[in-house]
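Q: model the following, please.
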Amino acid sequence: MSAGYRFAFDGDEIDAEPGQSIAAALIAAGHRSWRSTRGRGEPRGAFCGIGVCFDCLVTVNGRPNERACVVEVGPGDRVERQEGTGRGHLDH
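A: You can find the predicted model right below:
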């Protein structure tokens, strides 16, 4: 069995396994949405799971618009919710 590690999601520590996508780690930790739409603020999370639909966008280590379903989470990564596209979450 491989050794896991932790990353931060909006300041909370989340467990992950090597090779796991951000979306898989968030879902395993009970998070179903991590982005909100610009206009109406509707929650979004994993939809297609293959990087096509852009519903799962997050900010990773300060970089917005990362697709959580295809980006592998790394030890110590800082993942934040994202509002719409191109901006980080506004509640900081």
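
Q: gap between A3 and P75?
A: 10 Å (Cβ to Cβ, to the nearest Å). C-beta coordinates here come from the backbone N, C-alpha and C atoms, glycine included.

Q: can you give me the strands in this protein?
A: 5-9, 12-16, 35-36, 43-44, 57-60, 63-67, 78-80, 82-83, 87-88 (DSSP state E).

Q: among those strands, which comes closest to I27?
A: Closest to I27 of the strands of the chain is strand 12-16 (Cβ to Cβ; 10.6 Å).

Q: now do that closest one and strand 5-9, the angle between them.
A: 140 degrees (axes from the mean of the first three to the mean of the last three Cα atoms, to 10 degrees).

Q: picking up where we left off before, could the strands of the chain be laid out in TSV, adding mean neighbour count?
A: Formatted as TSV, the strands of the chain follow (neighbours: other Cβ atoms under 10 Å):
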stretch	mean neighbour count
strand 5-9	18
strand 12-16	15
strand 35-36	20
strand 43-44	16
strand 57-60	23
strand 63-67	16
strand 78-80	19
strand 82-83	21
strand 87-88	14
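
Q: mind giving me a markdown table with the ones you listed and columns for mean pLDDT and distance to A28?
A: Listed next are the strands of the chain as a markdown table, based on pLDDT from 0 to 100; distance: least, Cβ to Cβ, whole Å:
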| stretch | mean pLDDT | distance to A28 |
| --- | --- | --- |
| strand 5-9 | 97 | 12 |
| strand 12-16 | 97 | 8 |
| strand 35-36 | 86 | 18 |
| strand 43-44 | 86 | 18 |
| strand 57-60 | 95 | 15 |
| strand 63-67 | 94 | 18 |
| strand 78-80 | 97 | 14 |
| strand 82-83 | 84 | 20 |
| strand 87-88 | 50 | 23 |
